[in-house]
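Asker: Got a sequence here, can you model it:
(chains A and B)
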2 protein chains.
Amino acid sequence: DFPMMGSDSVQPVPRFRQELFRMMAMAADMLQRLGARVASVDMGLQQLPDGQSLPIPPIILAELGSDPTKGTVCFYGHLDVQPADQGDGWLTDPYVLTEVDGKLYGRGATDNKGPVLAWINAVSAFRALEQDLPVNIKFIIEGMEEAGSVALEELVEKEKDRFFSGVDYIVISDNLWISQRKPAITYGTRGNSYFMVEVKCRDQDFHSGTFGGILHEPMADLVALLGSLVDSSGHILVPGIYDEVVRLTEEEINTYKAIHLDLEEYRNSSQIEKFLFDTKEEILMHLWRYPSLSIHGIEGAFDEPGAKTVIPGRVIGKFSIRLVPHMNVSVVEKQVTRHLEDVFSKRNSSNKMVVSMALGLHPWIANINDTQYLAAKRAIRTVFGTEPDMIRDGSTIPIAKMFQEIVHKSVVLIPLGAVDDGEHSQNEKINRWNYIEGTKLFAAFFLEMAQLH
Amino acid sequence: DFPMMGSDSVQPVPRFRQELFRMMAMAADMLQRLGARVASVDMGLQQLPDGQSLPIPPIILAELGSDPTKGTVCFYGHLDVQPADQGDGWLTDPYVLTEVDGKLYGRGATDNKGPVLAWINAVSAFRALEQDLPVNIKFIIEGMEEAGSVALEELVEKEKDRFFSGVDYIVISDNLWISQRKPAITYGTRGNSYFMVEVKCRDQDFHSGTFGGILHEPMADLVALLGSLVDSSGHILVPGIYDEVVRLTEEEINTYKAIHLDLEEYRNSSQIEKFLFDTKEEILMHLWRYPSLSIHGIEGAFDEPGAKTVIPGRVIGKFSIRLVPHMNVSVVEKQVTRHLEDVFSKRNSSNKMVVSMALGLHPWIANINDTQYLAAKRAIRTVFGTEPDMIRDGSTIPIAKMFQEIVHKSVVLIPLGAVDDGEHSQNEKINRWNYIEGTKLFAAFFLEMAQLH
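Answerer: Numbering: from 1, shown residues only, chains lettered A, B, ... in the order given. From the prediction side, this is the model:
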């Protein structure tokens, strides 16, 4: 069963916060019933930009076993999800897990509730067989990942020499394979700097008949600002933004050549007519080792169906840049801010512009010769009968970087979901096959870790 | 009392359609109780772009008196309103009429329920005093104005030689003064062509981590398209768009010089720091006799507060151009479409772009020496003790043009609301003073019409 799938534990919409609390309590209860020692740590209040403050869902710290002769693996997962609205094109209710043709549809199915449950199921299997766990297991589960893991770093810092002192390895399963059937291990992720640029004439909107023609319209300013960020080939136009990107070597190119990626399948499964690039290597590099800029939307403008003749008085453009080694979050913040100020000042607009970086998350890269990388490879061979793709991820999993920097332990990402799972999108799903084989994979991983440790 | 003010009779959101029916029935009932002969004409179904169809609210045709020795004045008004959402910055519930400091706040208060009630009140006054009406009076009241008066033209065409055969003059009160205290008469309005430009990669959204860097992102295309429409000085960049705009003469400039407009008061009452132009004449010309282009918003992108790392898969940009004599709607449609196709093709995007004109409404201009213009001036002198500003309106009141072309009768606009009423905006209101003096003005207008006819 999927007890955690029926809940709209959504980030970052404030009205769903209480659902998150319910979700965290449910997970704590499941872990307790497995025999874990569970602490639900109160993380206080989150200050929202509008002055409101909301309680942060507790972070769960759980421990199963403390045998000093065994290795200790800590699993990180999150139970909050991206917003979802059935009207946006969901074929099923996003908050009711629905199986269709072996696919389990629901917001959070693959990101990240399914993998959290798979890990819990793997532990349950040892319990059901009345076998000792081959490793000591810890869980850290939060409810603020989609909002940038507010408060997580604070807790990890505090628990560095307590909860984390016995931890040898950290496993995260919060990304996807790059194919539909071949498993992968992930050793790097991009970072993310999320920007908001507000252009304001006044708080009230205007009627375009009554004021159209005599105003510096905030939307015209904002569209020009957003239009200055990236060209039609995906190249970011912010001066200096590529300066710190690691130089490409022949050796690195070879690692991309070794990866299995059927471009045709990838194109079809993503329903994309044409990518910006034609070769596998270029595509992988632009997902993994080059930065990218996406414009997400505009708050405060007319966004409904139909026609409204409004001049929005105050609008906020939202975009983000995925960061790669060795880009620096605060340098990027300065570069973007300076660039937008330059573009805006050339417009001679009487509006007010404010640029802010809402999130700044570092990229991460690991050493693929660590013990748990070898154990994960062996477990994949056992369960799937194949070598994994050794991949990086274009998404941001900031806690990978954070665990590496604060806890100083090896971090591995072992994804369970297929490339077409649609995380953050409409009709998110996890395949029943991935969910079940993923559970087996985690159990096999425990056994391999016990051998290699 | 304001029986029609408590209703969310909103255009163009489909879910409010039944409220519009209730509103039309309420108005028909009020007119019947005044002794009018009332017909509520069923106008069938409206086809929405998504394939849905919705019933069109009936159009009310009402008649009071048919004395062949008297002139016949027909009043046009509408009871539908623009959307309003309290969360957008309304200080009171937009659907509960609320008086604060002599101002009556509520969606539709000034556009157009207040003026419709003022006209009904003026008739009621003659009834209450048991005086004969000085003129025969007709009403045509619709519920689809904010959606482009769907079906109105069809009815006017059909009733041209029946309901409208005895009509001598048509009065509309659906715009505003250009000052807070000085009344105005309006003899021209701009038209409007409303465009939607859709850019689509696929129906589903993408996650910016998983796909950022390898896609032609629809938002990047759309922002470039919208950014190509107008420069920072308000000049429209669509080639040929100014070709048919009437040449400016010295004589025309003099008409603007004669108008009272306190720029400082205008700026303050509109809470605008700086207009695009510094002189009264330039401002009036850019509101009345030059086209303008406003970008209203984007459908399908991320529009909520907070941060969402989405690449929207399909987005629709919305903008409109206010048209002036002698711009032609279908020429403008071609120019805009060709321009957007040019810009889009230069991007070499693999996305699909579709441009459509959702509304095309002609500009209108009248002869200010018609009888009812003189009667309106005299009524204003009687009630307000001042000469009116003779103005045009930057907004579109397509029915003015339509009545002129189909019924071939003189049309006058007699606004009641002050410049700061905030039609189509948050905190729309009508001043109690305007509402009451406006009622008197209409009664005086009936008497002056009787004299001049």
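Asker: Quick check: which element contains residue A:266?
Answerer: Under the criterion of DSSP states H and E, residue A:266 resides in helix A:263-269.
Asker: Could you list the residues in contact with that helix?
Answerer: With contacts defined as C-beta atoms under 8 Å, 6 or more residues apart in numbering or on different chains, helix A:263-269 is touched by A:178, A:179, A:180, A:273, A:274, A:275, A:280, A:283, A:419, A:420. Backbone N, C-alpha and C define where each C-beta goes, glycine included.
Asker: now swap in stretch A:308-316 and tell me
Answerer: A:196-209, A:211-212, A:215, A:217-219, A:222, A:298-302, B:12, B:82-83, B:192, B:194, B:294, B:296-297, B:318, B:320, B:396, B:424-425.
Asker: any idea of the mean pLDDT in that stretch?
Answerer: Mean pLDDT, stretch A:308-316: 96.
Asker: now swap in stretch A:23-36 and tell me
Answerer: Throughout stretch A:23-36, pLDDT has a mean value of 96.
Asker: If you count neighbours, what's buried in it?
Answerer: For stretch A:23-36, burial by neighbour count (16 or more other C-beta atoms under 10 Å in any protein chain shown) applies to A:23, A:24, A:27, A:28, A:30, A:31, A:34, A:36.
Asker: hang on, isn't the second one packed against residue A:60?
Answerer: Yes. In this structure, residue A:24 is within contact of residue A:60 by C-beta atoms under 8 Å, at 6.2 Å.
Asker: okay, and the common contacts of these two?
Answerer: Common neighbours of residue A:24 and residue A:60 (C-beta under 8 Å, 6+ apart) are A:40, A:141.
Asker: Just the endpoints, please. Distance across stretch A:234-254?
Answerer: Stretch A:234-254 has an end-to-end distance of 24 Å (C-alpha to C-alpha, to the nearest Å).
Asker: Return the distance of it from the chain's centre.
Answerer: Averaging C-alpha positions (C-alpha atoms, centre = their mean, to the nearest Å) puts stretch A:234-254 22 Å from its chain's average.
Asker: taking the mean pLDDT, what do you get for that stretch?
Answerer: The model assigns stretch A:234-254 a mean pLDDT of 96.
Asker: hang on, the earlier thing: PyMOL command to pick out the buried ones of the contacts of stretch A:308-316?
Answerer: Command for PyMOL, covering only those of those found buried under the criterion 16+ other C-beta under 10 Å:
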select buried, (chain A and resi 196+197+198+199+200+201+202+204+205+206+207+208+209+211+212+215+217+218+219+222+298+299+300+301+302) or (chain B and resi 12+82+83+192+194+294+296+297+318+320+396+424+425)
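Asker: Sort out for me which of the contacts of stretch A:308-316 are in helices.
Answerer: A:208, A:209, A:211, A:218, A:219, A:222 (DSSP state H).
Asker: Lowest-confidence member of these, which is it?
Answerer: Lowest pLDDT among the ones in helices among the contacts of stretch A:308-316: residue A:209, with 90.
Asker: For that residue, which non-adjacent residue is closest in space?
Answerer: Once flanking residues are discounted, residue A:209 sits nearest to residue B:395: 2.6 Å by C-beta to C-beta, 6 or more residues apart in numbering or on different chains.
Asker: hmm, back to that, narrow the contacts of stretch A:308-316 to those in strands?
Answerer: If you go by DSSP state E, the contacts of stretch A:308-316 have A:196-200, A:206-207, A:298-299, B:192, B:194, B:294, B:296-297, B:318, B:320 in strands.
Asker: what two of those residues have the greatest distance between them?
Answerer: Pairwise distances across the ones in strands among the contacts of stretch A:308-316 peak at 31.4 Å for A:196 and B:192 (criterion: C-beta to C-beta).
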